[in-house]
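Q: Need a 3D model of the following:
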Amino acid sequence: MPEDLGGALAALRPLLLDEQTLVRAVAAGRRRNSRPRWERVELRPVDLKTGRHLQVVTAGEGAPTTANHLWGEPAAAALDELLAEPFGNWHVWTTAETVQLRVTKKGQAQLHRHAAEAEQRTGHDRTAAHLIDPGDPLFKTLGAGASKRRQVDAFLRVLQSAVAEADLPTDRPLRVVDLGCGNAYLSFAAYRFLAQDREVRLTGVDLRPQSRQRNTELAAELGWDTTVDFVEGAILGAPVDGPVDVVLALHACDTATDDALAQAARWATPVVLASPCCHHDLQRQMKETAPPSPYGLVGRHGTLRERLGDVLTDALRAALMRQAGYHVEVVAFVSAEYTPRNTMLRAVRTGPDTAADPEAKAEYDALVGAWGVTPYLQTLLDDAGR
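A: Residues are numbered from 1 along each chain as shown. This next block holds a predicted model:
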């Protein structure tokens, strides 16, 4: 039940200042009509030469910054400053329980608690922290080298922030579905990371029977065959039971990305991460119609038209997901040094009222009208009555 936000934040404060039981905490997201100074903040206790400190890592547009505050008054002052920021979600892990606070659209708080044991680690790691240890057996099983591990870590950081921002259940296992999973190396990494803090069920969906067979064997080799499964089927109408909390669609080619986004919207999935691959559908439509002024110079050159088609496709996808009730960001989740397919649509569901935003609809209508195109995702969402 919703409760007073001030009281709920006050209930979090002693948990965050308990140096014996705090494992870590994450603040992310934003409240309605407000924006905190940082996109995400992570807190954890660390032991330094001068004693135990509260380590605060803040992340925004630039590189993350780290500050260590001696436990006691310095840590309390730093924490109070963070609690005053208009974050939309707080997620706190202690040695005995997990607590999640979500701020509603009306400015109230929903507080969820469930028992969950976790180990407190207070070592001060001066090297770059990895969300999954590079020596984890997962990487050996997948045959992932250093380059692939960097891709995995970059992807997991996007996943981590989205999950911290979303309104996810705490009374049942988290349901993750990878639509068009392929070789599923990021699916396995997502499961490994998320399962560190809670129960997770992962299902990978792919049309190819060889993908199902290979990935099923890998899940068994990792000892995850009771919680990770793979099925053969199409993305639309994927054979998945029950509510879905996280949808992944990583490098699904051309309109397969649209299928995944539409399926996630139909499920009202709280977290959607889609990394598109190829954009032939809209590029074909742009080739068949005259570009609006003053883009004739761009449309004259096939290579430039294709690149613009990539950008236009993903901009329209983001606009459509926004109308479907999501807060959407388009990010480069990893350096192009590791993969040129590094664009990701990060969508966190905020509620159906977003669909009534006249500004979002007007911006979208103006863009498709100027180019004379009909995005495939629009067709799918219209067919679903969204």
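Q: now the strands for the stretch 101-250 of the chain?
A: Counting by DSSP state E, counting those that start in this stretch, one finds strands in the stretch 101-250 of the chain at the ranges 109-115, 174-179, 200-206, 228-232, 246-253.
Q: Pick the most deeply packed of those strands.
A: strand 174-179 (a mean of 25; mean count of other Cβ atoms under 10 Å). (Glycine included, C-beta is placed from N, CA and C.)
Q: Which strands or helices does that one pack on?
A: helix 185-194, strand 200-206, strand 246-253, helix 255-267 (3 or more Cβ pairs under 8 Å, 6 or more residues apart in numbering; DSSP states H and E).
Q: quick one: which of the ones you listed has the weakest pLDDT on average?
A: Among those, strand 246-253 has the lowest mean pLDDT, at a mean of 89.
Q: So which elements touch the helix or strand hosting Val328?
A: Element membership of Val328, judged by DSSP states H and E, is strand 326-332. Packed against strand 326-332 by the contact rule (3+ Cβ pairs under 8 Å, 6+ apart) you find helix 302-323, strand 343-349.
Q: so what secondary structure elements neighbour the shortest one?
A: Pointing back at strand 343-349 there. Strand 343-349 packs on helix 146-165, helix 255-267, strand 271-277, helix 302-323, strand 326-332, going by 3+ Cβ pairs under 8 Å, 6+ apart.
Q: Rebuild those as a markdown table, extending it with mean neighbour count.
A: Putting these into a markdown table (neighbours: other Cβ atoms under 10 Å) gives the following:
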| stretch | mean neighbour count |
| --- | --- |
| helix 146-165 | 20 |
| helix 255-267 | 25 |
| strand 271-277 | 25 |
| helix 302-323 | 18 |
| strand 326-332 | 18 |
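Q: hang on, isn't Met321 packed against Ala262?
A: No: using Cβ atoms under 8 Å, Met321 is not in contact with Ala262; the gap is 9.6 Å.
Q: Show the contacting residues for the closest residue to Phe193 other than its chain neighbours.
A: Spatial nearest neighbour of Phe193, excluding adjacent residues (Cβ to Cβ, 6 or more residues apart in numbering): Leu156 at 5.1 Å. Counting by Cβ atoms under 8 Å, 6 or more residues apart in numbering, Leu156 touches Leu131, Ile132, Ala189, Ala190, Phe193.
Q: Against Arg150, how distant is the second one?
A: When Cβ to Cβ, to the nearest Å is applied, the distance between Ile132 and Arg150 equals 12 Å.
Q: now swap in the third one and tell me
A: Using Cβ to Cβ, we find Ala189 at a distance of 12 Å from Arg150.
Q: Compute the distance between Leu377 and Ala109, please.
A: 34 Å.
Q: ok, now Thr379?
A: Distance, Thr379 to Ala109, by Cβ to Cβ: 39 Å.
Q: repeat for Lys140
A: Distance from Lys140 to Ala109, by Cβ to Cβ: 43 Å.
Q: same thing with Arg322?
A: Here the criterion is Cβ to Cβ. By it, Arg322 lies 25 Å from Ala109.
Q: which ones are touching Phe193?
A: Applying Cβ under 8 Å, 6+ apart, we find Phe193 in contact with Leu131, Ile132, Leu156, Leu159, Gln160.
Q: just Arg44 next, same as before
A: Leu22, Val23, Arg24, Ala25, Leu54, Gln55, Arg121, Thr122.
Q: how about 7 Å then?
A: By Cβ atoms under 7 Å, 6 or more residues apart in numbering, the contact set of Arg44 is Arg24, Gln55.
Q: Name the next helix or strand downstream of the one helix or strand it maps to, please.
A: Element membership of Arg44, judged by DSSP H and E, is strand 40-48. Downstream of strand 40-48, the first helix or strand assigned by DSSP H and E is strand 51-59.
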